[in-house]
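> 3D, please:
(chains A and B)
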Number of protein chains: 2
Amino acid sequence: MIDIDTLFKVTYGMFIVCSGSKAKGNGFISNTVFQVTADPPRFAASCHKNNYTAGFIAETGVFSVSVLHKEAATELFSRFGYKSGRELDKMEGMQVTYGETGVPIVLDDTVAFLECKVVQTIDMGTHFLFIGDLLNTGIVDNRHDPMTYHYYRSVKKAASPKNAPTYIDPAKVAAAQKTGPKKYRCTVCGYLYDESIEKVKFDDLPDDWVCPLCGEAKSGFVMD
Amino acid sequence: MIDIDTLFKVTYGMFIVCSGSKAKGNGFISNTVFQVTADPPRFAASCHKNNYTAGFIAETGVFSVSVLHKEAATELFSRFGYKSGRELDKMEGMQVTYGETGVPIVLDDTVAFLECKVVQTIDMGTHFLFIGDLLNTGIVDNRHDPMTYHYYRSVKKAASPKNAPTYIDPAKVAAAQKTGPKKYRCTVCGYLYDESIEKVKFDDLPDDWVCPLCGEAKSGFVMD
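Have a look, this model is predicted:
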């Protein structure tokens, strides 16, 4: 038997994984970046095959990882987690530096970055696991703690995007949860509007109210 | 350029990964277990090729993951992280249950467990990455938070065992650190004896004092 709550006990960080070049780059929010060997230092990053960034990684053979801090802006998650680089230039207006390979590296709300050269690409079904040798790193900010996925879920009240390895259908979450105070979940990003901690009842929100995380309309929420 | 401090910014949980059967099983401490796809729910666990458990996983095709909590006993890390099942029966005296496949699952200081069936084994050089479909899960304890690798390092003052993907040679750490209060590091497990927070100077510790984490003799410590 699989209990969905169990999956939330596994700890992850929160990252922006980027690829491309100075001319054109893209990135996405990830919680699955991890070291796979110490000698040589080698990292893995999981990436949905549909992600626009997957094509950049396949083409350039490099990726960067920006480790986000606890106070990282909601706008970052909205831009890199719930929008596609096919429709907008995610890098526009961001603080971006370029690595030894020319790969773009996002510095906004970042404590540290890694730059990796792909040595292996593993087909995981819906996702690719890109294995990269570590070429270059940098500390950007030592004041903030890195954000954990647990913190992102509990404090930011957000869930994984649809293309994340840890995505869970909100309907399944609702079915698994017991009845309690009235809560409404965004069907696009999983953002939870909890009446017990908000000042305004969900029904009383104006019709043009949108999800603060992904911009989905009020009508895109379902009772949780 | 690679800055070792950067690697500590990547967030991980702390786990015991087990394999084998009721007749004979073994497990090891891991910080690299993560979900790789949501559909089907599929997890990866990194395991050093020299680990005794690697043979059990290859033989039985199953592994379990116990997610450790924040207050997990130092003895657990000592037993599962710094000793080999070739020399002792790690399961002896532990609270162990058996999964649907018969795989042993450690319940001590565990918040939740996962049971996985291996569908792919990837050679990572020094390590295998075992990819497993999720068969079964369980919540063991909802009172404690899961332990993070950061917490293990900072509060438990411990480092990765030699076979961990995140292992770092203590000499490299020492070289990378600036001079400060006198600290002594265990060359076996990386445990840090920091005079600025301990009551007794390292030199004044009795000769039969041993590393509280791995049992190494006092002579196995070097100035950090």
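
> and the closest residue to A:Gly190 other than its chain neighbours, how many neighbours?
Closest residue to A:Gly190 apart from its sequence neighbours, by C-beta to C-beta, 6 or more residues apart in numbering or on different chains: A:Ala159 at 2.5 Å. To be clear about C-beta, it is placed using only N, CA and C from the backbone, and glycine gets the same treatment. Under the neighbour criterion other C-beta atoms under 10 Å in any protein chain shown, A:Ala159 is assigned a count of 24.

> am I right that A:Ala159 falls within a helix?
No. The secondary structure assignment for A:Ala159 gives coil rather than a helix, going by DSSP: H, G, I helix; E, B strand; the rest coil.

> my read: it touches A:Arg153, true?
Yes. Taking C-beta atoms under 8 Å as the definition, A:Ala159 is a contact partner of A:Arg153 at 6.6 Å.

> find the residues that touch each one of these two.
Taking C-beta atoms under 8 Å, 6 or more residues apart in numbering or on different chains as the contact definition, A:Ala159 and A:Arg153 share no neighbouring residue.

> picking up where we left off before, tell me the pLDDT at the residue nearest to A:Gly190?
Per-residue confidence at A:Ala159 stands at 77 (pLDDT).

> next, give phi and psi for it.
phi -120, psi 180 (degrees, to the nearest 10).

> what residues are up against it?
Here A:Ala159 is in contact with A:Arg153, A:Tyr167, A:Ile168, A:Pro170, A:Val173, A:Arg185, A:Cys189, A:Gly190, A:Tyr191, A:Leu192 (criterion: C-beta under 8 Å, 6+ apart).

> state the distance from it to A:Leu7.
Remark: distance between A:Ala159 and A:Leu7 (C-beta to C-beta, to the nearest Å) = 11 Å.

> common neighbours of these two, please.
With contacts taken as C-beta under 8 Å, 6+ apart, A:Ala159 and A:Leu7 have A:Ile168 as neighbours in common.

> excluding sequence neighbours, find me the nearest residue to the most centrally placed residue in chain A.
Centroid-nearest residue in chain A: A:Ile29, 2.5 Å away (criterion: C-alpha atoms, centre = their mean). Nearest non-adjacent residue to A:Ile29, counting by C-beta to C-beta, 6+ apart: A:Gly81, 3.6 Å away.

> tell me the phi and psi of the one you found?
Its backbone dihedrals place A:Gly81 at phi -100, psi -30, with angles given as degrees, to the nearest 10.

> wait, it sits on A:Pro161?
Yes. Using C-beta under 8 Å as the test, A:Gly81 is close enough to A:Pro161 to be in contact (4.7 Å).

> hey, what's in contact with both of the two?
In terms of C-beta under 8 Å, 6+ apart, A:Gly81 and A:Pro161 are both contacted by the residues A:Ile29, A:Cys189.

> ok, residues contacting the helix or strand harbouring the residue nearest to the centre of chain A?
When secondary structure is defined using DSSP states H and E, the element that contains A:Ile29 is strand A:25-30. Contacts of strand A:25-30 with the rest of the structure, by C-beta under 8 Å, 6+ apart, involve A:14-20, A:45-47, A:51-53, A:56, A:64-66, A:76-77, A:80-81, A:85, A:90-91, A:96, A:103-104, A:106, A:161, A:163-164.

> among those, which lie within helices?
Secondary structure assignment (DSSP state H) places A:Tyr52, A:Thr53, A:Phe56, A:Leu76, A:Phe77, A:Phe80, A:Gly81 from the contacts of strand A:25-30 within helices.

> contacting residues for the fifth one?
By that I understand A:Phe77. A:Ile29, A:Tyr152, A:Lys156, A:Ala158, A:Leu213.

> pLDDT value on the closest residue in space to A:Gly85 that isn't next to it in sequence, please?
If the residues on either side of it in the chain are set aside, A:Gly85 comes closest to A:Asn26, at 3.6 Å by C-beta to C-beta, 6+ apart. Predicted confidence (pLDDT) at A:Asn26: the value is 97.

> report the separation between A:Asn26 and B:Cys186.
Between A:Asn26 and B:Cys186 the computed distance is 44 Å (C-beta to C-beta).

> those two: who's more crowded?
Neighbours were counted for A:Asn26 and for B:Cys186 using other C-beta under 10 Å; B:Cys186 has more, 27 against 24.

> show me what contacts the nearest residue to that one once chain neighbours are set aside?
The shortest distance from B:Cys186 to any residue other than its chain neighbours is 4.5 Å, reached at B:Cys211 (C-beta to C-beta, 6+ apart). With contacts defined as C-beta under 8 Å, 6+ apart, B:Cys211 is in contact with B:Cys186, B:Val188, B:Cys189, B:Tyr191, B:Ala217, B:Gly220, B:Phe221.

> so what pLDDT did the fifth one get?
This points to B:Ala217. The model reports B:Ala217 with a pLDDT of 84.

> swap in A:Glu195?
Reading off the per-residue confidence, A:Glu195 sits at a pLDDT of 85.

> burial of the closest residue to it other than its chain neighbours, as a residue count?
For A:Glu195, ignoring the flanking residues on the chain, the nearest one in space by C-beta to C-beta, 6+ apart is A:Lys182 at 4.7 Å. A count of nearby residues for A:Lys182, using other C-beta under 10 Å, gives 14.
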